[in-house]
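A.B. asks: Requesting a structural model of the entry that follows:
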Amino acid sequence: MVINDKVCLITNDVETTSLINHKLSKKTGEYVLKQGMPRLLNLYDKYNIKSTFFFTAHIAKLYPEVVKMIIPYGHEVASHGYNHEVKNSFDILPYNKQVDHLKKSKKILEDISGNEVTSFRAPAARVSKNTSRALVETGFKIDSSVSSQRLDMFFSFGVYNKLNWLTAPRLPYYTKIDNIFKKGNSNLLEIPITSFIFPYIGTFMRIFPTINRINRNILYLETLINNRPFVFLTHPNEFIDEKKFNNKIISRTNNPISYLFGDYLRYHLKIKNLGKKGLPIYDKELKFFKKNKFKFMTFNQYINNGK
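C.D. replies: This next block holds a predicted model:
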């Protein structure tokens, strides 16, 4: 699926993860509501950007206003699963549990927003091959959990399934019903998170702004050749000013290697340029797309424009 325009799809994963304290926290959800979301919405309004917000059902239930506040701006409400607990990652949940989480998340978000929810991104972008079938069964039309040719998966959990990213198509594709990483004939459109070796995401942008800019310019040349849309991923919790209370880096795994890469090293990288310090860096990225006359779309707008 290709649209004959330069398209930028801005996406936002909305959850209760405290980056500075390295844990899920109800208080972080409050910071997201009062600081992160308003800051992003103001920035997007400045450039007349329509984007897609992927909410966990957990933060939506805690703070329904975090969902409702995006609707007047014309942004899309999408699902980020039921919660962001590592034990509930979609690459380790059995099929029936995936379906259950998707159904519950979808209903909660639709009840709050009053809109149909058809787009999904898995927490931590962790999916298994059969997540494709689970999404189709529960009425989702779009997924964005694959990050084609991205090589930093060793700094996160779910490495085994993320190795499938290496061979996944770079352009949006309809998936196989039994393999989300392969092109097929299902009704589920996969819109990969933009990457090439390095991911094009808010975390990398904050940590390595210069390398990110070089990578983005290379990716731009690719877009000029094949019309691949840019899919940028960020989080409102990257733009909150939260106090550090926890000096110990809590392990989310019993595997010491996974702890070293997925918890310890990842933590020390992810806290660079948090809060207001990250906003000017993000502003420069958005200016690039405005200057180069990209169209900003939600996922729903993208799929409807491609028909």
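A.B. asks: Mind telling me what element Ile214 is part of?
C.D. replies: Taking DSSP states H and E as the definition, Ile214 sits inside helix 209-226.
A.B. asks: In that helix, which residues are buried?
C.D. replies: Under the neighbour-count criterion of 16 or more other CB atoms under 10 Å, helix 209-226 has Pro209, Asn212, Asn215, Arg216, Leu219, Tyr220, Thr223 buried. Heads up, the C-betas are built off the backbone N, CA and C, glycines and all.
A.B. asks: from what I can see Asn300 touches Ser119, true?
C.D. replies: Yes. Under the criterion of CB atoms under 8 Å, Asn300 makes contact with Ser119 at 6.8 Å.
A.B. asks: Any chance you could list residues touching both of those two?
C.D. replies: For the pair Asn300 and Ser119, residues contacting each of them under the criterion CB atoms under 8 Å, 6 or more residues apart in numbering are Thr52, Glu76, Ile142.
A.B. asks: Just name the closest of those residues to Leu109, please.
C.D. replies: Looking at the shared contacts of Asn300 and Ser119 and their distance to Leu109, the nearest is Glu76, at 10.8 Å (CB to CB).
A.B. asks: Now do the helices in the stretch 51-200 of the chain.
C.D. replies: Secondary structure of the stretch 51-200 of the chain (DSSP state H, counting those that start in this stretch): helices located at 57-62, 65-68, 95-113, 131-137, 159-162.
A.B. asks: Pick the most buried one from these.
C.D. replies: A comparison of the helices of the stretch 51-200 of the chain by mean neighbour count, using mean count of other CB atoms under 10 Å, puts helix 131-137 on top with a mean of 23.
A.B. asks: Tell me the helices and strands packed up against that one.
C.D. replies: In terms of contacts (3 or more CB pairs under 8 Å, 6 or more residues apart in numbering; DSSP states H and E), helix 131-137 is packed against helix 95-113, strand 142-143, strand 179-183.
A.B. asks: ok, now with 7 Å
C.D. replies: With contacts taken as 3 or more CB pairs under 7 Å, 6 or more residues apart in numbering; DSSP states H and E, helix 131-137 sits against helix 95-113, strand 179-183.
A.B. asks: Show the average pLDDT along the first one.
C.D. replies: Same thing as helix 95-113. Averaging pLDDT along helix 95-113 gives 98.
A.B. asks: CA-only coordinates of that helix in PDB, if you can.
C.D. replies: Taking only C-alpha atoms (Å, rounded to 0.1, in the frame of the first residue of the first chain), the coordinates of helix 95-113 have been written out as PDB:
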ATOM      1  CA  TYR A  95      -3.600 -16.600  21.900                       C
ATOM      2  CA  ASN A  96      -6.700 -16.600  24.000                       C
ATOM      3  CA  LYS A  97      -5.200 -14.100  26.400                       C
ATOM      4  CA  GLN A  98      -4.200 -11.900  23.500                       C
ATOM      5  CA  VAL A  99      -7.700 -11.900  22.300                       C
ATOM      6  CA  ASP A 100      -9.000 -11.100  25.800                       C
ATOM      7  CA  HIS A 101      -6.700  -8.200  26.300                       C
ATOM      8  CA  LEU A 102      -7.500  -6.800  22.900                       C
ATOM      9  CA  LYS A 103     -11.300  -7.000  23.500                       C
ATOM     10  CA  LYS A 104     -11.100  -5.400  26.900                       C
ATOM     11  CA  SER A 105      -8.800  -2.600  25.800                       C
ATOM     12  CA  LYS A 106     -10.900  -1.900  22.700                       C
ATOM     13  CA  LYS A 107     -14.200  -1.700  24.700                       C
ATOM     14  CA  ILE A 108     -12.700   0.600  27.400                       C
ATOM     15  CA  LEU A 109     -11.300   3.100  24.900                       C
ATOM     16  CA  GLU A 110     -14.400   3.100  22.700                       C
ATOM     17  CA  ASP A 111     -16.600   3.600  25.800                       C
ATOM     18  CA  ILE A 112     -14.500   6.600  26.900                       C
ATOM     19  CA  SER A 113     -14.000   8.200  23.400                       C
END
